[in-house]
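Chemist: Attaching a predicted model along with its sequence, questions to come.
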Amino acid sequence: MGSLLCLPILVRSVDGALADAAAARDAGADLVEWRIDALIDSAARDATDEMVEPVLRLVLESPIACVLTCRGADDGGHFSGPDSTRAALLWRVIEGSRGRGPRFVDIEQASLERSEDLRRLAERIWAIEEAGPTLIVSIHDFQGRPADLTRRLVRLHDWPWARILKVAFRARSLRDNLELAEIIARSDRPVIALGIGEYGLPSRVLAPRFGGFLTFASLRDAAATAPGQPTIADLLGLYRFRSIGPGTRVYGVVGHPVGHSLSPMVHNAGFEAVGHDGVYLPMPVAPGFEILKATLLEMIHDPRLGLAGVSVTLPHKEDLVRLALEQGWILDPLCRAIGAGNTISVERDATGEPGAVRVSNTDAPAAVRCIEAALGGSVRGERIGLMGAGGVARAVAAGLARAGALVHVSGRTRARVEALVGDLAGLGSVRACTEENLEASGCRVYVNCTPVGMAGGPSPESSPIDVARISRRDALVFDTVYTPVRTPLLIQAERAGLATIDGVEMFVRQAAAQFRIWTGSDAPAGLFDRICREQLGG
C-alpha cells in the first residue's frame, strides 16, 4: 500500500469542517484529520454532552475516514484544559460512535508521558483495537530538531500501544529530510516522518518513496496547519504524488530562493508526458560554498533519496564548478571555460548507490540556439553585443564565442568586463566595449544579460540600452530576463520595429537540454513553453 494522503482540518465550525472534508474527498484525499482542540471549551472540567455531541457528529458524518486529534496548548495546539477532560472526551466519542468512529486517534508523546489519564486512554484504545481506532503517538517541534529525538524515539518503540509513530520537526536544511527517511527505514512499525517549513517539503512529497505511512496536505494555502504544508492540488497535480514509489528518481532545483522557480512545473509535466518515473522539487540551499558542498554531497550519497539530477541556479552556479573540481566529478569543457554550471546528473546502480557525477552548463547552448533560430542560420561571423558581465553573460558569451560569433561585452564595472574577456579569450572573439560604442557598433544581435527590467529587480522599469540608438534596423534584441515576459527592453524594441527574443525561450531551451540529459528523451518543449507563458501571463 502506498502512503496515504491526509488533509488536516482545524475545526471551528462543524458544518464548515464537514464541507471542507467533502471537498478534500473530492480532491483525492484518503483521510481527514479532525483537529478538535479549537472547537471544544478549554474551561470545561468534564466531558459534557455539549462537548461530545459536535465531535461525535464530525466523526459519524465524516465523508471519508478520519483521524481524531485534540492537541494541547503545551504541544502546539489550542486546548488548555485538563488532560482528564481530554481523555474522557476522546473515549466518549470512541464509545458513542459504536464502531463507526475514527480510524486513528493521535496523542502527543509528551502528553502521554505526563498524564496518567491519557496513558489509560491509550491502553483502552489498544485493548479494543480490532473494533476501534489505531493509536498514533506523535512528536512535534515547531522550532527545530529535538535535541533528545533519538531517546524519545527509543521510548516510543517501548510502548506496545503506540501502533503508528509520528515525528514532525522544523527542518533546518534539506539534510534533515534524509534523517526523517532513516527514521522510517529503521522503525519496526509504521511511521509518519515530516519536516516542517520550506526545507521539509521533500519529506512530505517523497513519503511514498521513503515508505512513510501518510503525508499531510491542506485544502488551500490559508488552511495549512503547519508551515510548508503543500496544498492537495499541488501534491496530487504538480508533484504527481500517486505516481511516486520506491523506485522514483528524484530531481530538483538548488538555489536561494527557489520558491518562485518554474522548473518544478515544467519538469514534472515533462516527466508525465514521456512516462519518466521521476519527481522534481524545489530544494532551497542557503548561500555559501560550504553549505552547498555539505548539502549536495550528503544528498548525492544517500541511496534512500535516489537523487538523479539537479538544476543549479543563483547563487550557486560558480560554486558548483569549484565543487566539481574538488570532488573530481566529470566537468564539461564549457563549464570550465565559463566557471559556472547549472546541471548535475548522477548515475546510480541497482542498489541506489551513486556512480559518475557529471556537471554541465545548458544556459550557453540554449542562448546560441535561440539566436540561431531567430536568424535562420549560424551565428558564425555575426557581431553580437552583450550587456552585463555576470554569470549569465559569461555563459552566453562563451557559447557564442565558441560558435564563431564576434562578441562585444559592455557592463557597469569595467574590471568585471575585462575579467570576463580575459577568461574567455581562448574560446574565440570576445572584446570589451562601452555602452555607447555597443549601441552604435552595428551589432546584428543585442543580448541583455543583466537584471535590468526584471520584476523585483533593481531597475524594473528600465532598459539596459537605448534602443533608439541602435544603428541597424534589422537588429535582433534578446532579453534573458523572463519576469515579466515583455520587459521594457523588448517593448522598446518592438515599437522600433525590431525582431525580439524573450527570456522564456531561453529558459525553455535550457530546461529542455537538462531534461534530455536526465531522461534520454526529447523534452516536450511546446508544453514547457505553454506552462511558462501561462504562469507568467505572457
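Modeler: Yep, it's here.

Chemist: tell me how far the ends of stretch 245-257 are from each other?
Modeler: End-to-end distance of stretch 245-257 (CA to CA, to the nearest Å): 28 Å.

Chemist: neighbouring contacts of it?
Modeler: Residues from elsewhere that reach stretch 245-257 (CB atoms under 8 Å, 6 or more residues apart in numbering): 2, 202, 206, 208-209, 211, 261, 263-264, 267, 276-287, 292, 295-296, 305-316, 518. For glycine as for every other residue, the C-beta is placed from the backbone atoms N, C-alpha and C.

Chemist: Show only the entries of those found in strands.
Modeler: Cross-referencing the contacts of stretch 245-257 against strands under DSSP state E gives 278-284, 307-312.

Chemist: Mind putting the residues you listed into a markdown table with neighbour count?
Modeler: What follows is the ones in strands among the contacts of stretch 245-257, written out as a markdown table (neighbours: other CB atoms under 10 Å):
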| residue | neighbour count |
| --- | --- |
| Gly278 | 23 |
| Val279 | 26 |
| Tyr280 | 30 |
| Leu281 | 22 |
| Pro282 | 19 |
| Met283 | 28 |
| Pro284 | 20 |
| Leu307 | 25 |
| Ala308 | 21 |
| Gly309 | 21 |
| Val310 | 29 |
| Ser311 | 24 |
| Val312 | 27 |
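
Chemist: Same list (the residues you listed) but as a markdown table, adding pLDDT and distance to Val93.
Modeler: What follows is these, written out as a markdown table (pLDDT from 0 to 100; distance: CB to CB, whole Å):
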| residue | pLDDT | distance to Val93 |
| --- | --- | --- |
| Gly278 | 98 | 43 |
| Val279 | 98 | 38 |
| Tyr280 | 98 | 42 |
| Leu281 | 98 | 38 |
| Pro282 | 97 | 39 |
| Met283 | 97 | 41 |
| Pro284 | 97 | 41 |
| Leu307 | 98 | 44 |
| Ala308 | 98 | 46 |
| Gly309 | 98 | 48 |
| Val310 | 98 | 47 |
| Ser311 | 98 | 49 |
| Val312 | 96 | 51 |
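
Chemist: can you tell me which of those residues lies nearest to Val481?
Modeler: Of all the ones in strands among the contacts of stretch 245-257, Ser311 has the smallest distance to Val481: 18.0 Å, by CB to CB.

Chemist: dump the residue contacts of that closest one.
Modeler: 251-254, 263, 342-343, 511, 514.

Chemist: for Ile384, same thing?
Modeler: Contacts of Ile384 by CB under 8 Å, 6+ apart are 371, 400, 405-408, 443-447.

Chemist: A strand includes it, no?
Modeler: Yes - using DSSP: H, G, I helix; E, B strand; the rest coil, the assignment for Ile384 is a strand.

Chemist: State the number of residues packed around the closest residue to Glu439 other than its chain neighbours.
Modeler: In space, and not counting its chain neighbours, Glu439 is closest to Arg469: 4.1 Å by CB to CB, 6 or more residues apart in numbering. Neighbours of Arg469 under the rule other CB atoms under 10 Å: 11.

Chemist: Bridged to the residue nearest the centre of the chain, which residues?
Modeler: Centroid-nearest residue in the chain: Pro282, 2.3 Å away (criterion: CA atoms, centre = their mean). Beta-bridge pairing for Pro282 (DSSP bridges): Val253.

Chemist: My understanding was that it contacts Leu262; is that so?
Modeler: No - using CB atoms under 8 Å, Pro282 makes no contact with Leu262, being 10.6 Å away.

Chemist: What is the neighbour count of Glu505?
Modeler: Look at Glu505: counted by other CB under 10 Å, it has 24 neighbours.

Chemist: Give the residue spans of the stretch 101-250 of the chain that score low on pLDDT.
Modeler: 223-225 (pLDDT under 70).

Chemist: Now for the contacts of Ser311: which two are most distant?
Modeler: Top of the distance list for the contacts of Ser311 (CB to CB): Val254 and Ala511, 14.7 Å.

Chemist: hmm, back to that, now, which of the contacts of Ile384 lie within strands?
Modeler: Using DSSP E, the members of these that fall within strands are 406-408, 445-447.

Chemist: Show me which positions of stretch 333-347 end up buried.
Modeler: Residues 334-346 are the ones in stretch 333-347 that count as buried (16 or more other CB atoms under 10 Å).

Chemist: Which of these sits closest to Val191?
Modeler: Val346 (26.7 Å).

Chemist: Does anything pack onto the helix or strand encompassing Asp319? Which helices or strands?
Modeler: Assigned by DSSP states H and E, Asp319 belongs to helix 317-327. Counting contacts by 3 or more CB pairs under 8 Å, 6 or more residues apart in numbering; DSSP states H and E, helix 317-327 packs against helix 289-300, strand 330-331, helix 333-338, strand 354-360.

Chemist: By mean pLDDT, show me the worst of these.
Modeler: Of all those, the minimum mean pLDDT falls on helix 333-338 (a mean of 90).

Chemist: next structured bit after it?
Modeler: In N-to-C order, the element after helix 333-338 by DSSP H and E is strand 343-348.

Chemist: got the contact list for that next one?
Modeler: Identification of contacts with strand 343-348 by CB under 8 Å, 6+ apart yields 296, 300, 303, 306-312, 320, 354-362, 513-514, 517-518.

Chemist: For ChimeraX, what selects the buried ones among those residues?
Modeler: Command for ChimeraX, covering only those of the contacts of strand 343-348 found buried under the criterion 16+ other CB under 10 Å:
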select :296,300,306,307,308,309,310,311,312,320,354,357,358,359,360,361,362,513,514,518
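
Chemist: in stretch 118-128, what's buried?
Modeler: Under the neighbour-count criterion of 16+ other CB under 10 Å, stretch 118-128 has 118-119, 121-122, 124-126 buried.

Chemist: which residues are contacting that stretch?
Modeler: With CB under 8 Å, 6+ apart, stretch 118-128 has contacts from 83, 86-87, 90-91, 94, 105, 107, 111-112, 132-135, 137, 159-163.

Chemist: Now, these that are in strands?
Modeler: Counting by DSSP E, the part of those found in strands is 105, 107, 134-135, 137.

Chemist: Pick the one among these closest to Ser243.
Modeler: Thr134 (27.1 Å).
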